[in-house]
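Asks: let me see the structure of the following:
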Amino acid sequence: DKVQSKEEQRDVVQDPSARRNPVELVADENVVKLGMTFEGKPPGYIKVKACSEGGWAESVGIQPGDTIVSVDGEDLQDMVAADFKTLCKKRPVQFLVEQAS
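Replies: You can find the predicted model right below:
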């Protein structure tokens, strides 16, 4: 058995193909606020910290602990925080979300 370095282990976790099946969710033109806050910011995948009761995120099944993998087809591993913020305000906007459970 080959022993993986910490860097190799991290790469496996960050590789989307090695992750759970993410779901595609779209906030359309009628969505004013996404209704979720995040732990951290890109570059890198980010976890949902909280969802507003009755908000869009909660209504589509997003829960705290879920991971945002991409926005509008752009991988968060390669995205700068300013671009993430801009895309989150756009409508329609598509999220690829890996659900925690």
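
Asks: ok so Ala57 is a strand residue?
Replies: No - assessed with DSSP: H, G, I helix; E, B strand; the rest coil, Ala57 is helix; it does not lie in a strand.

Asks: skip the chain neighbours and tell me the closest residue to it.
Replies: Met36 (3.8 Å; CB to CB, 6 or more residues apart in numbering). No exception for glycine: its C-beta is placed from N, CA and C like everyone else's.

Asks: what bridges to that neighbour?
Replies: Beta-bridge pairing for Met36 (DSSP bridges): Cys51.

Asks: for the residue nearest to the spatial centre of the chain, helix, strand, or coil?
Replies: The centre of the chain sits closest to Ile68, judged by CA atoms, centre = their mean, with a distance of 0.7 Å. Following three-state DSSP, the label given to Ile68 is strand.

Asks: mind listing what the residue nearest to Ala57 touches?
Replies: By CB atoms under 8 Å, 6 or more residues apart in numbering, the residues touching Met36 are Val48, Lys49, Ala50, Cys51, Ser52, Gly55, Ala57, Ile62.

Asks: now for the residues you listed, which pair is the farthest apart?
Replies: Maximum pairwise distance among the contacts of Met36 (CB to CB): 13.2 Å, between Lys49 and Gly55.

Asks: between the two, who's got more neighbours?
Replies: Gly55 (17 against 12; other CB atoms under 10 Å).

Asks: nearest spatial neighbour of that one, skipping sequence neighbours?
Replies: Per CB to CB, 6+ apart, closest to Gly55 is Gly35, 2.0 Å.

Asks: quick check on the one you found: phi, psi?
Replies: phi 70, psi 40 (degrees, to the nearest 10).

Asks: wouldn't it be in contact with Gln63 here?
Replies: No - using CB atoms under 8 Å, Gly35 is not in contact with Gln63; the gap is 11.9 Å.
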